[in-house]
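A.B. asks: Sequence first, then the predicted structure, then my questions.
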Amino acid sequence: MIDEDFVKSVLSGRDFLSLIHQNDCLTLNCEPESIGEFCLFLRDEQTFDLLVDLTAIDHGTDADIRFSVVVHLYSLIHKSYLRIHINCTDNESPVAPSLSSVFPAANWHEREVFDMFGIQFTDHPNMKRILMWDDYPYFPLRKEFPLAGIDVPLPAADVSEVTGAKVEPAPMMGGPFVSSVTGRMSEAEPRAKDESWTEDIEKPL
Amino acid sequence: MSTTIKEVQIGDVGAQAATHMDGERMALNVGPSHPTTHGVLRLMMELDGDLITRCEPVVGYLHRGDEKIAENMTYNQFVPYTDRLDYLAPLANNVAYAITVERLAGVELPERCEAIRVLICEMARISSHLLGMGVFGMDAGAWTPFMYTFTEREKLYTLFEELTGARFTTSFTRIGGVARDIPDGWLPKVEKFVDELPKAVDEVEKLLTRNRIFLDRTEDIGTISKEDAIAYGITGPNLRASGVDLDLRKDKPYSGYEKYDFDVPIGTKGDCYDRYLVRIEEVRQSILIIKQVIASMPGGLWYAEDARKIFAPPKDKIMSSMEELIQNFMIVTEGPQVPPGEVYFEAENPKGALGFYLVSKGGGVPYRLKIRAPSFCNLSILEKLVPGHMLSDITVILGSLDFVMGECDR
């Protein structure tokens, strides 16, 4: 059972851990250096052997810690989830330790996080893009990346060279219509998220 | 005088042949558009004759950036996008997504709403498994079962259309309820359908389950051990076929699943045949659940009436009352108001555990929505599973895993 005693026993003697909350499941923050060892402990001694999800959050361009990796583990014995946040120290070129040696399931998830956020996982056996093509230059789930996308060359470089064709942003003028929650009432009308460009005004890069 | 017989070691001969073949390995590309891959999956393989020595799955050909889109629209606006994840069971995706947001918003649903959701989830499961079974038979060379299962799916789609207005892209749930109540006379039709369905399932079983050719093609092929299944994060029928008793409807009941009595079928070997058997049995269990839901369908509202900042009020009230008009306007423009926080919810979908990890900073738009797609995780084992099999086993292994690329690539 995941109760107070369990939480105490996991936290005691482990300075690298801190309790964040227990709202929907036990949520811990773990220092990146100790995550491998801690996951081995969770897998082998606490039966959290199913890595269900591994993802990342971009806390925004001006956040102190910009990227954190979030791991969800499930225990078939406790019938319970456990969430671990791992803060990436470097905001410019974020790095996190790979869990793929502990959980093979992490392999593809980490490739996806690298693909979408540009977080490098150290000791990952195959650190390359998974959903986008290999030469794709951007990290689409970073907050500064526009919803409509950015011009990039075609994946087939030879075709792109001859034809000059490229992958173009979606013609959606900044995306679906939403109203801003804060600000002046006159600006609260539902509107396109990004109005700095239209069919006539070229999109700023 | 005794003659000495020189011992011939078969192993050595095999090894010699293998070294001889080494220079003749062939690279073979399957997909991304190929009938066996059920969508746009690409496999890059290295062959030694007919034997696969290496396999690298390449995914992402159907990537649409659903997670980025989710960050830019209100919670209800994203419901149609969930239809297009596992597009063989859109209703189950709708429900999984709605429950995730409701968990974070702390919405309590009335019993009728939960019962409707269980009902449509199980219908979606039957629809998805019928396709899975039929197509799996086709992958193994048996065309006829596919016709039987698709006849039944057609009936299901008619029922979906009557309930939601669409056969395929249902978008039936709203945060805090469902789009509309069950139409009059719909439940008896569902009951009639589930009464007749076992006969069709029996016929499919007659054609496949003891079919010698089918058995030869599927038994001991693509065997996933218990340990591997857990290590690679496989979920759903594929995990249960490997003998792991994990069904989130039983272990982490949601939407009132604890009220219904059903069994969870478990495989013994984890081969392609077991995965087929588990799906057949799950269809029968879903029929049982549907019958129980219909027999005990509670009355009352089909949406959370108290959740005034979440669920838009009924149309007649919007047209006649100022308060409700404002409420509707706020929900449509700003979205259902969800408090800051994070939540992870997984639903037992036909393909496996469909998870949503939602981070909110308040307001009507998610800050981050991660979709944990079961097909994505289930496919990650291919790299380990496929080598050592014959090329012709590829179709059967892929068919038995029953994945959907719309969900895998998001």
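C.D. replies: In hand now; what should we look at?

A.B. asks: how close does the residue nearest the centre of chain A sit to A:Leu26?
C.D. replies: Central residue of chain A (Cα atoms, centre = their mean): A:Ala56, 2.2 Å from the mean position. According to Cβ to Cβ, to the nearest Å, A:Ala56 stands 20 Å off from A:Leu26. For the C-beta atoms, the positions are set from N, CA and C on the backbone; glycine is no exception.

A.B. asks: One more: B:Tyr87?
C.D. replies: Taking Cβ to Cβ, one finds B:Tyr87 at 34 Å from A:Leu26.

A.B. asks: Neighbour count: the two, which is higher?
C.D. replies: Here B:Tyr87 and A:Leu26 are compared on neighbour count by other Cβ atoms under 10 Å in any protein chain shown; more neighbours surround A:Leu26, at 21 against 16.

A.B. asks: close enough to count as contact, that one and A:Ser9?
C.D. replies: No: counting by Cβ atoms under 8 Å, A:Leu26 stays clear of A:Ser9, with 12.0 Å between them.

A.B. asks: For the residue in chain B positioned nearest to chain A, which three-state class applies?
C.D. replies: Minimum separation of chain B from chain A (Cβ to the nearest Cβ) falls at B:Gly233, amounting to 3.1 Å. The assignment at B:Gly233 comes out as coil when based on DSSP: H, G, I helix; E, B strand; the rest coil.

A.B. asks: now A:Asn107
C.D. replies: Criterion first, three-state DSSP; result for A:Asn107: helix.

A.B. asks: List the residues that contact it.
C.D. replies: Residues counted as contacts of A:Asn107 (Cβ atoms under 8 Å, 6 or more residues apart in numbering or on different chains) are A:100, A:124-126, B:380.

A.B. asks: most surrounded residue in those?
C.D. replies: The residue in the contacts of A:Asn107 with the most neighbours, by other Cβ under 10 Å, is B:Ser380 (24 neighbours).

A.B. asks: what's the nearest residue to that residue if we skip its chain neighbours?
C.D. replies: Of all residues beyond its chain neighbours, the one nearest B:Ser380 is A:Trp108 (4.3 Å), with distances taken as Cβ to Cβ, 6 or more residues apart in numbering or on different chains.

A.B. asks: what about stretch B:53-63, how long is it end to end?
C.D. replies: End-to-end span of stretch B:53-63 (Cα to Cα, to the nearest Å): 28 Å.

A.B. asks: For chain B, see how far away the residue in chain A sticking out farthest from the centre is.
C.D. replies: Distance from the C-alpha centroid of chain A, by Cα atoms, centre = their mean, peaks at A:Val162 (36.0 Å). As judged by Cβ to the nearest Cβ, to the nearest Å, A:Val162 and chain B stand 23 Å apart.

A.B. asks: what's the pLDDT at that residue?
C.D. replies: pLDDT, A:Val162: 85.

A.B. asks: what's the burial count for B:Thr333?
C.D. replies: Neighbours of B:Thr333 (other Cβ under 10 Å): 18.

A.B. asks: Compute the mean per-residue pLDDT across the one helix or strand it maps to, please.
C.D. replies: For B:Thr333, the host element (DSSP states H and E) is helix B:322-334. Mean per-residue pLDDT for helix B:322-334: 84.

A.B. asks: So is it next to chain A?
C.D. replies: Yes: contact of helix B:322-334 with chain A (Cβ under 8 Å from any Cβ of the partner chain) involves B:333-334.

A.B. asks: How many residues are close by the closest residue to chain B within chain A?
C.D. replies: Closest contact between chain A and chain B, by Cβ to the nearest Cβ, is at A:Ala105 (3.1 Å). For A:Ala105, the count of nearby residues is 23 (other Cβ under 10 Å).

A.B. asks: who touches it in this structure?
C.D. replies: A:50-51, A:54, B:231-233, B:377, B:380.

A.B. asks: got the buried residues for the helix holding B:Thr333?
C.D. replies: Neighbour counts over helix B:322-334 (16 or more other Cβ atoms under 10 Å in any protein chain shown) mark B:324, B:327-328, B:330-331, B:333-334 as buried.

A.B. asks: List every C-alpha atom in the following helix or strand past it, with coordinates, as PDB.
C.D. replies: Sequence-wise, the next helix or strand downstream of helix B:322-334 (DSSP H and E) is strand B:341-349. The C-alpha coordinates for strand B:341-349 follow below in PDB (Å, rounded to 0.1, in the frame of the first residue of the first chain):
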ATOM      1  CA  GLY B 341      -2.100  21.100 -11.000                       C
ATOM      2  CA  GLU B 342      -1.100  17.900 -12.700                       C
ATOM      3  CA  VAL B 343      -2.900  14.600 -13.200                       C
ATOM      4  CA  TYR B 344      -2.200  11.300 -14.900                       C
ATOM      5  CA  PHE B 345      -5.000   9.000 -15.900                       C
ATOM      6  CA  GLU B 346      -5.000   5.800 -17.800                       C
ATOM      7  CA  ALA B 347      -8.000   4.000 -19.200                       C
ATOM      8  CA  GLU B 348      -8.100   0.400 -20.300                       C
ATOM      9  CA  ASN B 349      -8.700   0.900 -24.000                       C
END
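
A.B. asks: list the helices and strands strand B:341-349 packs on?
C.D. replies: When contacts are defined as 3 or more Cβ pairs under 8 Å, 6 or more residues apart in numbering or on different chains; DSSP states H and E, strand B:341-349 packs onto strand A:80-87, helix B:90-105, helix B:111-139, helix B:248-251, strand B:352-360.
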